[in-house]
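**Q** Please find the sequence and the predicted model below.
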Amino acid sequence: MKHIAWCLLLLCQCALGQATKEDDQNTITGNPYLFKDWCDGVVRFTSGRTLNQFKLKFDCLKNMLLLEFNGNAFAAESKVQEFVMYPKKKDSLLFRRGFPTTEKTSENTYFQVLVQDKASLLRLIARNIVEEKQVVSNGRVNRRLEEVEFYYLLQNGVMTLLPDDRTELPQQFGDKKEPIAAFIAAQQLRMHTPEDFVQVVKKYNELLGAPNP
């Protein structure tokens with residue numbers, strides 16, 4: 001088993017040491033990782049192979065999976081299809097790629113899968129680089145990371161970006177917009193958390209499965 005894991009590491013690309021050197025040249029404050037600590041996890045490949053020998057980190061800035069094995073850290077190879085992270089004292093997180101492209105993403109972009117149904121809910125966890133010019137520092141520009149996330153509805157092979165405005169969101173659900181708006185109001189959802197979006201999309205799937213009146 002160790003031999004398999006080591007051979008897989010040899011197939012991985014971009015040692016972390018190289019990435020660290022690049023980051024040193026472009027200092028940015030903030031944490032690019034979903035979790036600062038390495039997590040237990042499972043990695044699944046396009047070939048169907050599944051391995052759990054690695055510790056995992058997810059770089060939200062680069063949308064990159066990092067693997068750690070016996071003290072060596074690497075960026076995962078392109079043949080990873082999905083992975084599951086098991087952070088301590090938190091629920092597991094499933095990430096997958098291979099979804100239709102959008103203005104912000106490609107087929108290689110990892111999304112967290114929140115709902116899998118007729119209409120699926122995907123979450124893109126990212127970081128923006130914000131530049132702030134300091135007046136008293138000879139024009140020096142400070143750069144920091146800002147956490148951002150986007151939610152997509154995947155239905156019939158189409159990716160739809162969901163707004164986080166509770167009044168605009170129902171418009172994305174076609175002929176179910178009125179019951180969705182009523183549901184958001186009844187549940188007093190503010191659309192500020194993943195759980196809020198999960199509730200809405202689960203309700204939408206219930207409505208899709210219900211017979212027409």
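**A** Perfect, thanks for sending it. Numbering: from 1, shown residues only.
**Q** Please pull out the lowest mean pLDDT helix or strand from the protein.
**A** When each helix and strand of the chain is scored by mean pLDDT, DSSP states H and E, helix 16-25 comes last, with a mean of 42.
**Q** Wasn't Gln199 part of a strand?
**A** No - read with DSSP: H, G, I helix; E, B strand; the rest coil, Gln199 is helix and lies in no strand.
**Q** pLDDT at it, what is it?
**A** Per-residue pLDDT puts Gln199 at 99.
**Q** number of nearby residues for it?
**A** Neighbour count for Gln199, taken as other CB atoms under 10 Å: 17. In this view, the C-beta of every residue, glycine as well, is placed from N, C-alpha and C.
**Q** Next: Lys118.
**A** Using other CB under 10 Å, Lys118 has 12 neighbouring residues.
**Q** Show me the domain layout of this structure.
**A** Following the TED database, one finds the domains of the chain at 28-162, 164-208.
**Q** Give the other helices and strands that whichever strand or helix holds Leu121 contacts.
**A** Using DSSP states H and E, Leu121 sits in strand 119-133. Here strand 119-133 touches strand 111-115, strand 141-155, helix 194-209, going by 3 or more CB pairs under 8 Å, 6 or more residues apart in numbering; DSSP states H and E.
**Q** least reliable of those going by mean pLDDT?
**A** Of all those, strand 141-155 carries the lowest average pLDDT, namely a mean of 94.
**Q** hang on, the earlier thing: can you give me the angle the strand holding Leu121 makes with strand 111-115?
**A** 140 degrees (axes from the mean of the first three to the mean of the last three CA atoms, to 10 degrees).
**Q** circling back to that earlier point, want to throw the helices and strands packed on strand 119-133 into TSV with distance to Val43?
**A** Putting the helices and strands packed on strand 119-133 into TSV (distance: least, CB to CB, whole Å) gives the following:
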stretch	distance to Val43
strand 111-115	15
strand 141-155	22
helix 194-209	23
